[in-house]
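J.: give me the fold of what follows.
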Amino acid sequence: MDLRQLETFIEVANLKSFSRAAEKLYITQPTVTNHIQNLEKELGTILINRSGKNISLTEAGSLLYRYAINIVNSCEMAKFDLAAYKGRIQGHIHVYSSSVPRKYILPNIIESFLKKYPDVSFTLADNDSKNVVKSILEGDTDFGIVGAKYPSKNLDYIELMEDRLLMIAPNNPSYSKPNYSNLTMDSISKEKILLREEGSGTRDLLEKELIKNKVDIKDLNIIAYIEDTETIKELVTLGVGVSFLSEKAVIDDIKLEKYRVFYIEEFDLSRKFYFVYHKKRQLSPLNETFKTFVLDYIKETSKEISV
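T.: This is a model prediction of the structure:
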């Protein structure tokens, strides 16, 4: 069996798509099809059920998948251990993260990791929490950092750090109260409101609190849904409206008096960020090393906070 064919088979099985496997492996879709057909021909059995757009493993495919994972990972482990033996661990790691942890948490983790493994490179993909989880479940990535939990029996969420949302408002006479004062939801319900996009952990938390406090989101004067936090901050600074953002995203701007920040009475807008990974998927040696490093980093950080 050809190792490249096994790698292709694994990606098709994980992603349940020939085209997406081709994209991930940087090869053409006909090459993916050719790899699978040659593997099936060599083994004398059908490995993948092809029924329209639905792709699933046959019983023979499921059996081969377990062996293929071990074979590919054994090869990767051999290369990894040999590189470690020579004192040079190399490779590339993809990390999916929602916007706040990508800007305010991941840099410290990566900086610490690169001190230990300076020859490793990274791709940091920005995605909202819901899509990060989706990417892990669909096999696009092995782990990520999110600001909201989306329950699944296949995922483990490890608490990374705490955060809270603040309402940010233009720094003008309309908001004369000191920073961190309490406002009622009634007092701002008719204000022009800028919200994060659907799937954002920030928006998910706000919507849950609105429901808990019996506020219908349809009654709010929402004028825009925006993915980029920096765009929201700039619009608030210009007096376009108010919004709800992570304290970590605004703390430096508060010192510069770019806008004002408030709590909302009766609203619990505290939250946690999580390192999330697929607990049933066998990782490559490098990804396993990074996962272990992050889990150790979380433990050490927790100790420092508790001291």
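J.: tell me where the stretch 1-150 of the chain has helices.
T.: Assigned by DSSP state H, counting those that start in this stretch, the stretch 1-150 of the chain shows helices spanning 3-15, 18-25, 29-43, 59-85, 99-104, 106-116, 129-137.
J.: to Ile251, which of these lies closest?
T.: Closest approach to Ile251 among the helices of the stretch 1-150 of the chain (C-beta to C-beta): helix 99-104, 9.3 Å. (Glycine included, C-beta is placed from N, CA and C.)
J.: ok now the closest one, how far from the chain's centre?
T.: 10 Å (C-alpha atoms, centre = their mean, to the nearest Å).
J.: let's have the helices of the stretch 1-150 of the chain in a markdown table, adding distance to Tyr175, mean neighbour count and mean pLDDT.
T.: Shown next, in a markdown table, are the helices of the stretch 1-150 of the chain (distance: least, C-beta to C-beta, whole Å; neighbours: other C-beta atoms under 10 Å; pLDDT from 0 to 100):
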| stretch | distance to Tyr175 | mean neighbour count | mean pLDDT |
| --- | --- | --- | --- |
| helix 3-15 | 49 | 20 | 90 |
| helix 18-25 | 47 | 19 | 89 |
| helix 29-43 | 55 | 16 | 92 |
| helix 59-85 | 55 | 15 | 83 |
| helix 99-104 | 23 | 21 | 83 |
| helix 106-116 | 32 | 14 | 92 |
| helix 129-137 | 29 | 22 | 87 |
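J.: of the ones you listed, which is nearest Gly239?
T.: Closest approach to Gly239 among the helices of the stretch 1-150 of the chain is made by helix 99-104 (23.3 Å; C-beta to C-beta).
J.: what packs against the closest one?
T.: strand 120-126, strand 143-146, helix 229-237, helix 247-255 (3 or more C-beta pairs under 8 Å, 6 or more residues apart in numbering; DSSP states H and E).
J.: extract the C-alpha set from it and format it as PDB.
T.: Extracted in PDB, the C-alpha atoms of helix 99-104 (Å, rounded to 0.1, in the frame of the first residue of the first chain):
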ATOM      1  CA  SER A  99     -11.300  36.500  17.400                       C
ATOM      2  CA  VAL A 100     -10.800  37.400  21.100                       C
ATOM      3  CA  PRO A 101      -8.600  34.400  22.000                       C
ATOM      4  CA  ARG A 102      -6.700  34.700  18.700                       C
ATOM      5  CA  LYS A 103      -5.700  38.200  19.600                       C
ATOM      6  CA  TYR A 104      -5.300  38.100  23.400                       C
END
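J.: who's in contact with it?
T.: Here helix 99-104 makes contact (C-beta atoms under 8 Å, 6 or more residues apart in numbering) with 124, 126, 128, 145-147, 160, 163, 200-202, 228-229, 246, 248-249, 273.
J.: one more: stretch 211-227?
T.: Contacts of stretch 211-227 (C-beta under 8 Å, 6+ apart): 128, 185, 189-198, 200, 207, 210, 232, 235, 240-241, 266-267.
J.: gap between Arg88 and Leu155?
T.: Separation of Arg88 from Leu155 (C-beta to C-beta, to the nearest Å) stands at 33 Å.
J.: out of these two, which sits in the busier spot?
T.: Using other C-beta atoms under 10 Å, the more surrounded residue of Arg88 and Leu155 is Leu155, with 19 against 11.
J.: now name the helix or strand holding the residue nearest to the more buried one when sequence neighbours are not counted.
T.: Sequence neighbours aside, Val276 is the residue nearest to Leu155 in space, at 5.6 Å (criterion: C-beta to C-beta, 6 or more residues apart in numbering). Using DSSP states H and E, Val276 maps to strand 270-278.
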